[in-house]
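missing the sequence, but the structure's below:
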Ligand code: THU
């Protein structure tokens, strides 16, 4: 599974986003260490806080299926006319992903212009229990 294929999987997942309130549709695709892909889209609710980001939908789907080891997450998100711009995971999603792999690769952008990050770099000094 290449980064390009994982971004394409996130773009496909984005098609199922339920985002009638923000109109900001996000897709995520999470690659396990042994090569499986779990995807998710954002799901919004009329009361707002009950909604969930695409990244956590993908992560929790994978964890609930028994997965624990993750290599890379691809994220794509944009409003109607902004396709291809990078979309970074929110702070809450960074914390949730940090739980399973502090060195997770986080990729975003378009298939032809992929930006690559390491979770620890974009979530420095994250909470992992007591101490640094
Ligand atoms: N959202 C995600 O799904 N992932 C992100 O990384 C950023 C934000 C969702 C939450 C909400 O449904 C919409 O995008 C606008 O914030």
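Structure's in. What do you need? For clarity, every value in this text was computed on a predicted model and none was experimentally measured. Numbers count the residues shown, from 1 in each chain.

who touches residue 52 in this structure?
42-43 (Cβ atoms under 8 Å, 6 or more residues apart in numbering). Quick note: C-beta positions are derived from backbone N, CA and C, even for glycine.

can you give me the mean pLDDT across stretch 57-68?
Stretch 57-68 shows a mean pLDDT of 98.

distance between that stretch and the chain's centre?
With Cα atoms, centre = their mean, to the nearest Å as the basis, stretch 57-68 stands 12 Å off its chain's centre.

Name the residues of it that are buried.
Applying a neighbour-count criterion of 16 or more other Cβ atoms under 10 Å, the buried positions in stretch 57-68 are 57-59, 62-63, 67.

Which one of those is nearest to residue 79?
Distance to residue 79 across the buried residues of stretch 57-68 (Cβ to Cβ) is lowest for residue 57, with 19.2 Å.

what residues are up against residue 51?
Counted by Cβ under 8 Å, 6+ apart, residue 51 has contacts 21, 42-45.

Next, give phi and psi for it.
phi -70, psi 170 (degrees, to the nearest 10).

and the gap between the nearest residue to it once chain neighbours are set aside and the ligand?
Spatially, and ignoring its direct neighbours in sequence, residue 51 is nearest to residue 44 (4.0 Å; Cβ to Cβ, 6 or more residues apart in numbering). Plainly put, residue 44 is 5 Å away from the ligand if you go by Cβ to the nearest ligand atom, to the nearest Å.
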